[in-house]
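> give the three-dimensional model of this entry:
(one chain, ligands or ions: 1)
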Amino acid sequence: MILNRLLILVTLLFSSFYVNAQEKNGNTDSKETKKYSKPEDTEVYTPVPAVVNPYGQNGVPSDAIVLFDGSNLDEWVMVRGGGVPTWKLDAANKTMTIDKGVEKKNATLRTKKKFGSVQLHLEWKSPRNTGNKGQDRGNSGGYIQERYEVQILDNNDNETYTNGQVGSVYKQTVPLANALVPTEQWNSYDIIYHAPKFENEKLVTPVSITLLHNGVLVLDDFTIQGATEYIGLPSYKAHGKASIKLQDHESAVGFRNIWVRELD
Ligand code: MG
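Residues are numbered from 1 along each chain as shown. Predicted structure coming up:
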């Protein structure tokens, strides 16, 4: 009798030790098999993704905010002074082109709306090559949240520092490829941008950015180091939602078909 009880006790202790060891090793096969025995065990029905018609607004996704469709510049103001844009609108061709207007001062634009994380689509075109070189040929840029510049440049037979070429986050990374089409033809940028997170003015999560240039991956979940700088190293300062800017850098770059989908 005593021997029997002793045997049971030893068996219990041993099986408990065995199960613990299996769990520590991450081996839960027996449990998993038991829990997920039917196909339905791994099927979920909520949440249900929102229906988005990818071409629902004249070819633009139905849930996108259209920032420029070629008919007007109503979504934009000048950074300098906040007035009506001096850019040239060509409604017939649904384009706008950087133009300083009569004042001949910087004509960088920003959106009236402010954004956090976004999917951003824009199309742009370098002007005819009139012999300018390096950063002086077809330079513009899309500044997301007013601080982080994705470079626009005509790099066709035009060398410059590679962390400042087309498709770079300006002076922060060399793009994975140069996917330019010939000068004066339309390029597309599709950007997935995750805004930085701050707590009490301190950076908690930096920007992550992915860029497809004419459908070619050129920035792959790149971690932005801070606001892009012409001189010196980038750094972060806490901020909230902010505009998208299109840079005037002394080149008559054209734009069309600009829209965003908010991701937060
Ligand atoms: Mg630029």
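> contacts, neighbours, all on C-alpha from now
Will do.
> so where is the stretch 151-264 of the chain shaky, pLDDT-wise?
Counting by pLDDT under 70, not a single residue of the stretch 151-264 of the chain qualifies.
> which residues does the residue in it that the ion sits nearest to contact?
Relative to the ion, the nearest point of the stretch 151-264 of the chain is Q151 (4.9 Å; Cα to the ion). Counting by Cα atoms under 8 Å, 6 or more residues apart in numbering, Q151 makes contact with 139-142, 164-170.
> redo that, cut-off 10 Å
139-143, 163-171, 247 (Cα atoms under 10 Å, 6 or more residues apart in numbering).
> next one: V77
83-86, 107-112, 245.
> tell me the secondary structure at it.
strand (DSSP: H, G, I helix; E, B strand; the rest coil).
> identify the bridge partners of it.
R110 (DSSP bridges).
> quick check: pLDDT value at it.
Looking at V77, its pLDDT stands at 98.
> over to S37?
94.
> wait, is it part of a helix?
No: counting by three-state DSSP, S37 is not found in a helix; it is coil.
> from T46, how far off is it?
21 Å (Cα to Cα, to the nearest Å).
> for the residue lying closest to T97 once chain neighbours are set aside, give me its contacts.
Nearest non-adjacent residue to T97, counting by Cα to Cα, 6 or more residues apart in numbering: G254, 4.1 Å away. By Cα under 10 Å, 6+ apart, the residues touching G254 are 87-89, 95-99, 123-127, 138, 140, 184-186.
> who in the chain is up against the ion?
139-141, 151 (Cα under 5 Å from the ion).
> can you go through these and name the buried ones?
In the residues of the chain next to the ion, burial by neighbour count holds for 139-141, 151, counting by 16 or more other Cα atoms under 10 Å.
> who's more crowded, S37 and T46?
S37 (10 against 6; other Cα atoms under 10 Å).
> hang on, the earlier thing: would you format the residues of the chain next to the ion as JSON lines with distance to V260 included?
Putting the residues of the chain next to the ion into JSON lines (distance: Cα to Cα, whole Å) gives the following:
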{"residue": "N139", "distance to V260": "22"}
{"residue": "S140", "distance to V260": "19"}
{"residue": "G141", "distance to V260": "16"}
{"residue": "Q151", "distance to V260": "18"}
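> that older thread, which of the contacts of Q151 sit farthest apart?
N163 and Q247 (17.5 Å; Cα to Cα).
> these two: who's more crowded?
Higher neighbour count among N163 and Q247: Q247, with 23 against 16, using other Cα under 10 Å.
> which residues touch the nearest residue to P54 once chain neighbours are set aside?
Excluding the flanking residues, the one nearest P54 by Cα to Cα, 6+ apart is P61, at 4.0 Å. Applying Cα under 10 Å, 6+ apart to P61 gives the contacts 52-55, 259-261.
> and what of R256?
67-70, 90, 93-97, 121-125, 186-188.
> now do stretch 210-222: everything it contacts.
Counting by Cα under 10 Å, 6+ apart, 119-121, 123, 150, 166-169, 172-181, 186-194, 206-209, 223 sit against stretch 210-222.
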